[in-house]
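> Below are the sequence and a predicted model for it; my questions follow.
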Amino acid sequence: MALRLSSVLSSTVVRTRLPLVGAFCMLSWGLSNICSISPSSRIGCAQSLPFVPLLQSSAETQSKNVHTIRMEASKTTVASIVVYVTVPNKEAGKKLAESIVKERLAACVNRVPGIESIYEWKGEIQTDSEELLIIKTRESLLEALTEHVKANHEYEVPEVISLPITGGNVEYLEWIKNSTRNGKGLGE
């Protein structure tokens, strides 16, 4: 059994997919905080997933030792978001990520290679290997960022979806503010 388990854990599939599992878990934990209006509202939210209570108790213990801030309580940060954009390959991801940071539309773009997307397009199920861009920026720049992606992306309808950043490391949130342009305009 131990040999079989170790061969599974060392397989390429597990090693390349594990970061995505971690990202999903953290995203689910974040969504569970958004959905936690009342105990009865758990149905249909990420809190209904069996691993969320484990993540919450672990995160609550860690948060006591980490300097964090709720976004609405800050005077030195701005409302910030994480934006997901998929691209068809490494070259397209690098080119788009660099242009976004160069234009100060985002403070940081993480490139996550090796994702597989399954979706319906024009009546047919498609499966494509893609790269995911995780973009950290100001909420006020979402419109300009979306227009930039649409103008510089090869997809007919590129994915641009955003999630709010509800809190985090104060210095990092200040860095997002200081590393991005002010306001909504493209010419700033």
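Looks like it came in fine. Numbers count the residues shown, from 1 in each chain.
> Which residue ranges of this protein form strands?
According to DSSP state E, the chain carries its strands in the segments 68-70, 80-87, 108-121, 124-138, 161-165, 167-169.
> taking those strands together, which one is wrapped up most tightly?
For the strands of the chain, average neighbour numbers computed from mean count of other C-beta atoms under 10 Å are highest in strand 80-87, which has a mean of 21. C-betas here are computed from N, CA, C, even on glycine.
> Look at Ile125 and report its pLDDT.
The score at Ile125 is 98. That number is its pLDDT.
> actually Pro53, sorry about that
At Pro53 the predicted local distance difference test score is 51.
> for Thr77, same thing?
On the pLDDT scale, Thr77 is placed at 89.
> For it, which non-adjacent residue is spatially closest?
Leaving out its chain neighbours, the residue that sits closest to Thr77 by C-beta to C-beta, 6 or more residues apart in numbering is Leu173, at 4.1 Å.
> just His153 next, same as before
When the adjacent residues along the chain are set aside, His153 lies closest to Leu96, with 6.6 Å between them (C-beta to C-beta, 6+ apart).
> Report how many residues lie close to the one you found.
Using other C-beta atoms under 10 Å, Leu96 has 23 other residues around it.
> Likewise for His148?
19.
> Name all residues that make contact with it.
Contacts for His148 (C-beta atoms under 8 Å, 6 or more residues apart in numbering) come out as Ser99, Ile100, Glu103, Leu105, Leu186.
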